[in-house]
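>>> sequence unavailable; structure follows:
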Ligand code: G3H
């Protein structure tokens with residue numbers, strides 16, 4: 001019955017929190033590999049978790065991806081009163097426009113009645129062009145907002161899927177394959193031990209910045225992402241992370257415990 005299902009999930013959340021050494025685990029029923037609506041449930045849980053730690057003038061740095069897009073799609077206008085600001089976590093990492101952090105961050109602001117800023121740093125430019133862009137006052141201002149974000153919201157991807165989906169060069173693809181990357185987040189690719197085997201060159205939030213971020217929400221579901229989630233958490237600072245996942249991934253992650 002319903003009670004047993006709720007109890008079962010609570011037990012899984014507790015075991016997974018201990019296994020992964022994160023601040024909190026939230027599990028939604030289902031497996032997003034099988035049913036797309038499970039991503040919306042991940043979104044609902046994420047919004048609930050975020051609301052619980054929202055203070056005045058929260059700066060929320062967000063990444064791209066379809067999971068983040070699902071969160072954006074169901075945000076409701078109740079973040080505005082606290083003067084919330086959405087910023088993209090990092091500059092371009094090769095995603096199509098609908099999956100880009102800038103786009104998702106704009107949708108999140110629009111849906112929730114909050115504000116947002118964009119970071120337009122081109123992916124492929126010469127060193128000189130890049131250096132002069134970085135000196136632009138408007139870019140510097142957004143960069144300062146990103147590095148002072150007190151809440152980070154991000155997806156975790158399967159390495160091969162992400163490398164394929166993105167505009168990844170042949171050279172970088174080789175690095176990802178030879179390095180046996182399994183997980184990806186923020187443009188960082190991790191092997192099964194959590195070692196960074198490739199990092200997309202772009203500005204903004206760096207992995208080490210997570211260590212000083214009070215609230216980090218990692219949102220990733222689907223049994224197929226279990227290895228990616230585990231690899232990422234091994235490699236990234238995660239003591240202030242809340243993992244929001246689904247039963248499909250959680251069951252895989254708990255195997256062997
Ligand atoms: O960095 C992680 C990826 O953006 C996750 O993408 O939510 O579409 O699987 P996804």
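Looks like it came in fine. Since we're looking at a predicted model, the values are computed, not measured.
>>> in the stretch 1-150 of the chain, which residue sits closest to the ligand?
The nearest approach of the stretch 1-150 of the chain to the ligand comes at residue 65, 2.6 Å away (Cβ to the nearest ligand atom). Yep, even glycine has a C-beta here, placed from its N, CA and C like the rest.
>>> show me what contacts that residue?
Residues in contact with residue 65, defined by Cβ atoms under 8 Å, 6 or more residues apart in numbering, are 95, 99, 104, 155, 157.
>>> repeat that with 7 Å
For residue 65, the contact set (Cβ atoms under 7 Å, 6 or more residues apart in numbering) comprises 99, 155, 157.
>>> just the buried ones out of the residues you listed, please.
Neighbour-count burial (16 or more other Cβ atoms under 10 Å) applied to the contacts of residue 65 gives 99, 155, 157.
>>> quick check: the residue of the stretch 1-150 of the chain closest to the ligand vs residue 40, distance?
To residue 40, residue 65 is 15 Å away according to Cβ to Cβ, to the nearest Å.
>>> name the element the residue nearest the centre of the chain belongs to?
Geometric centre of the chain, nearest residue: residue 154, 1.3 Å, by Cα atoms, centre = their mean. Per DSSP states H and E, residue 154 falls inside strand 151-155.
>>> helices or strands up against that strand?
strand 59-62, helix 66-73, strand 215-219 (3 or more Cβ pairs under 7 Å, 6 or more residues apart in numbering; DSSP states H and E).
>>> quick check: buried residues in the shortest one?
Burial within strand 59-62, assessed by neighbour count using 16+ other Cβ under 10 Å, is assigned to 59-62.
>>> which neighbouring elements make contact with that strand?
For strand 59-62, the packing partners by 3+ Cβ pairs under 7 Å, 6+ apart come out as strand 85-88, helix 101-112, strand 151-155.
>>> contacting residues around the residue nearest to residue 210 when sequence neighbours are not counted?
Sequence neighbours aside, residue 237 is the residue nearest to residue 210 in space, at 4.5 Å (criterion: Cβ to Cβ, 6 or more residues apart in numbering). Going by Cβ under 7 Å, 6+ apart, residue 237 touches 208, 210-211.
>>> all the helices of this structure, in order from the start?
Using DSSP state H, the helices assigned to the chain run over residues 2-20, 37-52, 66-73, 101-112, 127-134, 137-147, 159-165, 170-178, 226-235, 247-254.
>>> circling back: when you check the ligand, which of the contacts of residue 65 turn up near it?
For the ligand, the contacts drawn from the contacts of residue 65 by Cβ under 6 Å from any ligand atom are 155, 157.
>>> let me have the contacts of residue 65 in a markdown table, extended by pLDDT.
Compiled in a markdown table, these are given as follows (pLDDT from 0 to 100):
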| residue | pLDDT |
| --- | --- |
| 99 | 93 |
| 155 | 98 |
| 157 | 98 |
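>>> and the contacts of residue 65, which is closest to residue 128?
The nearest member of the contacts of residue 65 to residue 128, counting by Cβ to Cβ, is residue 99 at 29.3 Å.
>>> show me how far stretch 144-162 is from its chain's centre.
In terms of Cα atoms, centre = their mean, to the nearest Å, the centre of stretch 144-162 is found 4 Å from the chain centre.
>>> just give the number of residues close to residue 15.
When neighbours are counted by other Cβ atoms under 10 Å, residue 15 registers 15.
>>> these two touch, right, it and residue 254?
Yes. Using Cβ atoms under 7 Å, residue 15 is in contact with residue 254, at 6.0 Å.
>>> ok, back up a step: now render the helices and strands packed on strand 59-62 as JSON lines, adding distance to residue 48.
As requested, those are exported to JSON lines (distance: least, Cβ to Cβ, whole Å):
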{"stretch": "strand 85-88", "distance to residue 48": "18"}
{"stretch": "helix 101-112", "distance to residue 48": "14"}
{"stretch": "strand 151-155", "distance to residue 48": "13"}
